[in-house]
Structure formats: C-alpha cells, structure tokens
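Chemist: I'll drop the sequence and a predicted model, then ask my questions.
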Amino acid sequence: MIQRFALLLILLLCSASALAQDGIHRCVGPDGNPLFTDQPCAALQATPVAAPSEPSPNLQTPTVTEPPPVLCASSVAELRQSVLDAFASRNPNRLAGLMLWGGYGHDAVVADIRSMSALMRQTLLDVGEDTGDPPSASSSPGDAGTPPPRATANPRIVVRTVADDGSGAARETHFNVVRRSGCLWLRNSG
C-alpha cells in the first residue's frame, strides 16, 4: 500500500513539473534583455522567443529566401542595412524589431507601429546617416581640400521615401541611434 502511494505521489509530482514547464515563457524584453516568466510576453511588452527545436534528420532544411534579421547591430552601417532589409521584405515588424521601445506608453507604441506600416507602403529612395552637418556651398564632391564627414556623437538614420501626397517629393523620416546593452537601436526622433 505504501509503495503504491509513493508511486502515485512520484507520478503526480512529475506531471506537475511538466505542466509547470509549459507555463514558462521565453521573451526578449523592451530593453533587449532576455526574460523568463510565467506571464505571456505581450503582457510585459516583450517579444516571444521560440524554444530551439532539433531538426529531424529525415527532413530537409527549407531554403531561406530573405536574409535573417540582424538581432544586434554593432555599427550604424549594420543598423542601416537592417533598415534596408526591412524595406526589401516590406515587413514593418522587422523594422519595429530594430526599435528601442523602453519608456513608451501603449498609445505611443501603437501610433509608431502604425506610422511604420504606412512608411513601409511608400517607395523607398534611400536610407542614409544624418551627419548633422550640411555640405558647404563652396565645396564640391571630390575636392582634395574637403574633409571627410565627421562622425557625430548622436548619429541618426534618415529614411527617404516618396511622399504619399502624389507630388513625387521626397519625405524624410529621422530616427535617433541609441546604444543599449551593447547594441545599436532606432529611437523615434519625434
């Protein structure tokens, strides 16, 4: 009788621990740090991360047509390329993944994601870095006396698109570049 009770207790404990394991959510927080929580990631304004799975040896790996997103840009050039990749795939979520969302309220996040979706529908002209220094009128490209553009303490990414008013004029959207947790992130400059 005692053996049956002990066996039943062990089975109950094993099943309870298995159920508890299912309740753990793996997320990346708005600050870029990993989170392990019993709450859904969305409740914490975090991005869910799928647990790594073992590929079956009998299945072929699917062909990836678009490059994987850069999860941590270490330079402004990498961040710029990630913005270009987001536009190439017309994926506003990919652009949103480059944003630093800490300190935003719910309404501001929703408004920014809507503006990113609208931005993705426009024709992209260029993604560049705003140096903050307009070129002088006396210098022309290629002058030997012209110093190279200097790096600024607070670089910005400028996305140039065709305005959606039908005028064909260029529209610029500026993003501040912020270093946080060893990565470079976009921050809405508005």
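Modeler: Sure, I can see it. Numbering: from 1, shown residues only.
Chemist: low-scoring stretches of this structure, by residue?
Modeler: Within the chain, the stretches with pLDDT under 70 are 1, 5-9, 11-22, 50-70, 131-153, 190.
Chemist: Please, where are all the helices along it?
Modeler: Secondary structure of the chain, counting by DSSP state H: helices at 2-22, 76-88, 92-96, 106-120.
Chemist: The longest strand along the chain packs against which elements?
Modeler: Looking across the chain with DSSP state E, the single longest strand is strand 170-180. Counting contacts by 3 or more CB pairs under 8 Å, 6 or more residues apart in numbering; DSSP states H and E, strand 170-180 packs against strand 156-162, strand 183-188. (C-beta placed from N, C-alpha, C; glycine too.)
Chemist: 10 Å instead?
Modeler: The helices and strands touching strand 170-180, judged by 3 or more CB pairs under 10 Å, 6 or more residues apart in numbering; DSSP states H and E, are helix 76-88, helix 106-120, strand 124-130, strand 156-162, strand 183-188.
Chemist: To Gly23, which of the ones you listed lies closest?
Modeler: Of all the helices and strands packed on strand 170-180, helix 106-120 sits nearest to Gly23, with 24.8 Å by CB to CB.
Chemist: helices or strands up against that closest one?
Modeler: Counting by 3+ CB pairs under 10 Å, 6+ apart, helix 106-120 packs on helix 76-88, helix 92-96, strand 156-162, strand 170-180, strand 183-188.
Chemist: list the buried ones in the third one?
Modeler: Taking 16 or more other CB atoms under 10 Å as the neighbour-count basis, strand 156-162 is seen to contain the buried residues 156-159, 161.
Chemist: Show me what it is in contact with.
Modeler: 76, 79-80, 82-84, 86-87, 95, 98, 116, 118-132, 168-177, 184, 186-187, 189 (CB atoms under 10 Å, 6 or more residues apart in numbering).
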